[in-house]
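Engineer: Got a predicted structure plus its sequence, pasted below:
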Amino acid sequence: MRWVRYTDGAGTHYGQLEGERIRRVTGSPFEGYAATEDWTTLGAVRLEVPVIPRTFYCAGLNYAEHAIEAARKRGQEPRLPEQADIGYRANNALVPHGHDVVIPPDARTIHYEGELVVVIGRQARHLTPANALDCVLGYTIGNDVSERNWQRSDRTLWRAKNSDTFKPMGPWIETDFDPAGARTQVRVNGRTAIDFPTAAMIFDVPAFLCAMSRYLTLYPGDVVWMGTDGQSPDLHAGDVVEIEITGLGTLRNTFVQGQRDA
């Protein structure tokens, strides 16, 4: 099943996507819902980010090539992480599929990071490898936009990773998805920039959820971004970045120069 969160003339709703048609529901997939007979189409609505997370988690370095290249750029000997490393991002940075990513006027080096996003569907603590996926509602796609010069200077990454519009996510939540066999492809202006196996993580989804739930409670609507592989070219105003993950769809956003409207 594909869950979409969308806005029409009557407000913002959750719906079930069937082809190009959306069936509105009352409630949400996180708190209970009931299907209605109100149907619309993708072309008639504005897609929103599929969930506003209670907590926005992110994996640290979680793909080998990305970890190796990051170490080399710091002039260090590459060493792969020895444990699942958890970080956080800010909700203010979230924007949906089709929304512009705004490059701040003083930004210099903007990169994409195409990521699989895990969406938590039920409260969980002390998960095991055998039951870790039971708390997962589904998956979506994220673009962890980064300003690399700020990343080197900002100890907390407060603007390097969390500036407004730096976290496109969407276009929907797919409940019937298995990372095994999927590929993540990132295209810039229609040309493939990177293509890698989605499941080629150093630590997989169950490993992260088990490590996290040992110390903290996962709640419905939480998201966990699972990291990326490879390296991004420098992005510029006018570039269109598409992140496609097999079976999940495509997240597309245009990068523009300037300040976001207040």
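Structural biologist: It's in.

Engineer: Provide a list of residues in contact with the closest residue to F30 other than its chain neighbours.
Structural biologist: Among residues not flanking F30 along the chain, P220 sits closest, at 3.9 Å (CB to CB, 6 or more residues apart in numbering). All C-beta atoms are positioned from the backbone trio N, CA, C, and that covers glycine. P220 sits next to 30-31, 54, 120-123, 137 when contact means CB atoms under 8 Å, 6 or more residues apart in numbering.

Engineer: let's see it at 6 Å
Structural biologist: 30, 121-122 (CB atoms under 6 Å, 6 or more residues apart in numbering).

Engineer: you'd agree P96 is up against R46?
Structural biologist: No - P96 is beyond contact range of R46, at 7.8 Å (criterion: CB atoms under 6 Å).

Engineer: between those two, which one's more packed in?
Structural biologist: P96 (20 against 13; other CB atoms under 10 Å).

Engineer: pLDDT at the more buried one, what is it?
Structural biologist: According to the prediction, P96 has pLDDT 98.

Engineer: roughly how far apart are it and I52?
Structural biologist: Using CB to CB, to the nearest Å, P96 is found at 11 Å from I52.

Engineer: Parallel or antiparallel, which strands does the host helix or strand of T12 pair with?
Structural biologist: T12 belongs to strand 11-18 when elements are defined using DSSP states H and E. Sheet pairing for strand 11-18, assigned by DSSP bridges, gives strand 2-8 (antiparallel), strand 21-28 (antiparallel).

Engineer: and the ones you listed, which is most packed in?
Structural biologist: Highest mean neighbour count among the strands paired with strand 11-18 (mean count of other CB atoms under 10 Å): strand 2-8, with a mean of 20.

Engineer: any residues touching that one, and which ones?
Structural biologist: Contacts for strand 2-8 (CB under 6 Å, 6+ apart): 14-15, 17, 22, 29, 45-48, 50, 172-174.

Engineer: In PyMOL, select just the buried ones from those.
Structural biologist: PyMOL command restricting the contacts of strand 2-8 to the buried ones, with burial defined by 16 or more other CB atoms under 10 Å:
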select buried, resi 14+15+17+22+29+45+47+48+50+172+173+174
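
Engineer: can you put the contacts of strand 2-8 in JSON lines and add pLDDT and distance to T192?
Structural biologist: As requested, the contacts of strand 2-8 are arranged in JSON lines below (pLDDT from 0 to 100; distance: CB to CB, whole Å):
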{"residue": "Y14", "pLDDT": "98", "distance to T192": "33"}
{"residue": "G15", "pLDDT": "98", "distance to T192": "32"}
{"residue": "L17", "pLDDT": "98", "distance to T192": "26"}
{"residue": "I22", "pLDDT": "98", "distance to T192": "30"}
{"residue": "P29", "pLDDT": "98", "distance to T192": "33"}
{"residue": "V45", "pLDDT": "98", "distance to T192": "30"}
{"residue": "R46", "pLDDT": "98", "distance to T192": "28"}
{"residue": "L47", "pLDDT": "98", "distance to T192": "24"}
{"residue": "E48", "pLDDT": "98", "distance to T192": "28"}
{"residue": "P50", "pLDDT": "98", "distance to T192": "25"}
{"residue": "W172", "pLDDT": "98", "distance to T192": "23"}
{"residue": "I173", "pLDDT": "98", "distance to T192": "25"}
{"residue": "E174", "pLDDT": "98", "distance to T192": "22"}
